[in-house]
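1. Return a 3D structure for these sequence lines:
(one chain, ligands or ions: 4)
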Amino acid sequence: MKLASLAETAGIALAVAGEAEVTGFAIDHRKVAPGTVFGAFRGARVNGEDFTPAAVEAGAVAVVARPEASVEGAVHIADAEPRRAFARLAAAFFTPVPRVIVAVTGTNGKTSIVEMTRQLWRMGGERSASIGTLGVTTSDESVSTGLTTPDIVTFLSNMSGLAREGVTHVAYEASSHGLDQFRNEGVPVAAGAFTNFSRDHLDYHGTMEAYFAAKMRLFDEVLQPGSAAVIWHGEDDSEWTRKAIEHAQERSLRVLTVGERGEFIRLLARTPTQLGQTLEIEYEGARRTINLPLIGAYQAANALTACALAIATGSPVGQVLDSANRLQPVRGRLERAAITAMGAPVYVDYAHTPDALEAAIAALRPHVEGRLITVFGAGGDRDQGKRAPMGAAAAAGSDVVIVTDDNPRGEDAATIRAAVLEGAPDAIEIGDRRAAIAEAIRLAGAQDIVLVAGKGHEQGQIIGSGESMRILPFDDVQVARECAGAEVAQ
Ligand SMILES: CC(=O)N[C@H]1[C@@H](OP(=O)(O)OP(=O)(O)OC[C@H]2O[C@@H](n3ccc(=O)[nH]c3=O)[C@H](O)[C@@H]2O)O[C@H](CO)[C@@H](O)[C@@H]1O[C@H](C)C(=O)N[C@@H](C)C(=O)N[C@H](CCC(=O)O)C(=O)O
Ligand SMILES: Nc1ncnc2c1ncn2[C@@H]1O[C@H](COP(=O)(O)OP(=O)(O)OP(=O)(O)O)[C@@H](O)[C@H]1O
Ligand SMILES: N[C@H](CCC[C@H](N)C(=O)O)C(=O)O
Ligand SMILES: [Mg+2]
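-> Ligands and ions are numbered 1, 2, ... in the order given. Here you go, the predicted model:
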């Protein structure tokens, strides 16, 4: 494809003829081959503009960079927001893409919702996929990508790869980092969802307002004009929910609210059952019942949001609501990993914010007859201000709290635990995560429940950073099984 025709499709004016043939796109100079368009971005660690000469040397035909950057030997596509211009240009190259694409943002619930939406579509007979923290998932396989949104080139090439395999429906997770860095956009998005908003990632965004603004790029810019904005509007009626509704209204999107205060799908009642819950809902004036085979208010919220996304993009209502009765658990989200020798269930959950811990604990509470024993830690090189509130949330809802390690990365693990313990002064401290899980299982009696939070589906413990970073294999589900098994063996 000629550079000129890509630029025209992307609506980008070129100062030169643009006769060069484009063979690919790269944001890392080490991935540049002859014919590549290189995106030179200023990053958190280094300035990508410094690698422009090396990219040109390797055969880059064009460089997307700020107007003030220096580019010699290739076409300089100058834009004050080079990441956005690059995303548009690359989107013109990576085609075709699946016919129906939806995106989900919010602090918690994104992975769950994209995965549930994929399942609902599939049960309706569509070839569907989800992209997010769990990787790229289709009905055949799940391929991990390492990050929720690795980079714009991987994102777009995954989209067109899926379309070429025959996938027609994709739900993707739009993280705040991804939205802020324009690394999950460029494709036509037919509907977007906003789940909820609470403290996380302030190390990166600085303030709650900046964090929210990053998420709102989904409604303000990424969604196609006239598309649907599905917004969770729960009992708590948070100010952020109302702000999200305003953003969607300002852009004249089709606002579809879901939840206890929702107008599109209203949640009238929720009754926990032994292995799930019954949801009474109202849709277009009629009452309906869903027997959701998953526990917890948060999973009900995610399932209903997924239903709204599927309905908003044309799936028949009856079929979607019926399929919700058969939703499969999402990996690492309130996953029942083991039953101890005493008979206590051990749940693994990905809660790594104060709000998520509260939600995971609230989900298990109705099922606890004895004590709830919570094991968790906080990640290193991440928002430090969330640590004490996480401790407080765990302490408020649990009978026993064990504070342990969760990906210390470049920080001192004991210092992280100390920050968590400020919010949970009565907690037991056991740094080694396996020992902590083993102790929780040892303490649990027949009526108790163990919650192991923070790592969910993760397969490793990240220790160190930069050159000395190591990932030690660690899987909460497997370790819980091993510890429960060891109990049985004793
Ligand atoms: C803080 C952050 O988000 N950083 C991400 C960002 O890096 P950056 O743009 O700041 O990159 P940089 O390393 O400073 O380099 C600047 C530029 O120079 C280029 N470069 C660099 C070195 C070189 O030799 N040659 C070269 O060309 C780089 O490719 C880059 O374009 O863009 C990179 C590629 O797009 C990401 O890999 C990287 O994620 C880092 C590893 C990360 O840990 N990110 C986490 C916080 C994250 O993004 N998480 C969210 C999920 C959060 C959630 O949902 O809760 C996610 O979406 O995954
Ligand atoms: N709707 C919700 N409301 C409150 N808490 C939730 C909700 N959905 C999920 N959670 C909590 O957040 C955890 C992570 O859920 P999930 O992976 O779906 O979210 P995410 O937004 O993709 O997270 P991340 O930002 O890490 O990618 C769950 O294990 C649960 O503890
Ligand atoms: N997407 C989240 C995942 C956090 C998971 C937790 N195990 C941690 O390491 O803090 C992040 O990168 O902040
Ligand atoms: Mg996620």
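
2. need the helix or strand of this protein with the lowest average pLDDT.
-> Least confident element among the helices and strands of the chain, by mean pLDDT, DSSP states H and E: strand 142-143 (a mean of 82).

3. Next SSE downstream of that one?
-> The element immediately downstream of strand 142-143 (helix or strand, assigned by DSSP states H and E) is helix 152-164.

4. Show me what counts as buried in stretch 459-479.
-> Across stretch 459-479, burial judged by 16 or more other Cβ atoms under 10 Å covers 461-463, 474-477, 479. (C-beta placed from N, C-alpha, C; glycine too.)

5. which of those residues sit farthest apart?
-> Distance extremes for those: the farthest pair is 463 and 477 at 20.2 Å, using Cβ to Cβ.

6. Next, count neighbours for the closest residue to ligand 3 within the chain.
-> Residue of the chain nearest ligand 3, by Cβ to the nearest ligand atom: residue 379 (2.1 Å). Around residue 379 there are 19 other residues, counting by other Cβ atoms under 10 Å.

7. wait, isn't it in contact with residue 405?
-> No: contact criterion Cβ atoms under 8 Å: residue 379 and residue 405 do not qualify, at 9.4 Å.

8. which residues are common contacts for the two?
-> Common neighbours of residue 379 and residue 405, counting by Cβ atoms under 8 Å, 6 or more residues apart in numbering, are residue 416.

9. returning to that earlier point: remind me what the least confident helix or strand of the chain packs against, helices and strands.
-> Judged by 3 or more Cβ pairs under 8 Å, 6 or more residues apart in numbering; DSSP states H and E, strand 142-143 is in contact with strand 135-138.

10. Could you find the closest non-adjacent residue to residue 3?
-> Among residues not flanking residue 3 along the chain, residue 18 sits closest, at 3.9 Å (Cβ to Cβ, 6 or more residues apart in numbering).

11. follow-up on the earlier one: measure the residue of the chain closest to ligand 3 to ligand 1 for me?
-> If you measure residue 379 against ligand 1 using Cβ to the nearest ligand atom, to the nearest Å, the figure is 10 Å.

12. and if you look at residue 86?
-> 10 Å.

13. residues contacting that residue?
-> Listed by Cβ under 8 Å, 6+ apart, the contact set of residue 86 reads 25, 27, 37, 39, 41, 64, 152, 182.

14. Tell me what angle the one helix or strand it maps to forms with helix 152-164.
-> Element membership for residue 86 (DSSP H and E) is helix 82-93. With axes from the mean of the first three to the mean of the last three Cα atoms, to 10 degrees defining the directions, helix 82-93 sits at 20 degrees from helix 152-164.

15. For the residue of the chain found nearest ligand 1, the count of nearby residues, please.
-> Of all residues in the chain, the one sitting closest to ligand 1 is residue 43 (2.1 Å; Cβ to the nearest ligand atom). The number of residues packed around residue 43, counting by other Cβ under 10 Å, is 11.

16. got it, and residue 340?
-> Around residue 340 there are 24 other residues, counting by other Cβ under 10 Å.

17. what does the stretch 301-450 of the chain put close to ligand 3?
-> Neighbours of ligand 3 within the stretch 301-450 of the chain, by Cβ under 6 Å from any ligand atom: 352, 379, 382, 406-407.

18. So what does the nearest residue to residue 272 once chain neighbours are set aside look like in phi/psi?
-> Nearest residue to residue 272, sequence neighbours excluded (Cβ to Cβ, 6+ apart): residue 366, at 4.6 Å. The phi/psi pair for residue 366 (degrees, to the nearest 10) reads phi -60, psi -20.

19. Please, where are all the strands along the stretch 201-350 of the chain?
-> Applying DSSP state E, counting those that start in this stretch to the stretch 201-350 of the chain gives strands spanning 223-232, 254-259, 265-272, 277-283, 286-292, 335-339, 345-349.

20. right, so of those strands, which gets closest to ligand 2?
-> strand 345-349 (4.3 Å).

21. pLDDT on the closest one, on average?
-> Averaged across strand 345-349, the pLDDT comes to 97.

22. Run the chain-centre distance for it.
-> Relative to the centre of its chain, strand 345-349 is centred 20 Å away, using Cα atoms, centre = their mean, to the nearest Å.
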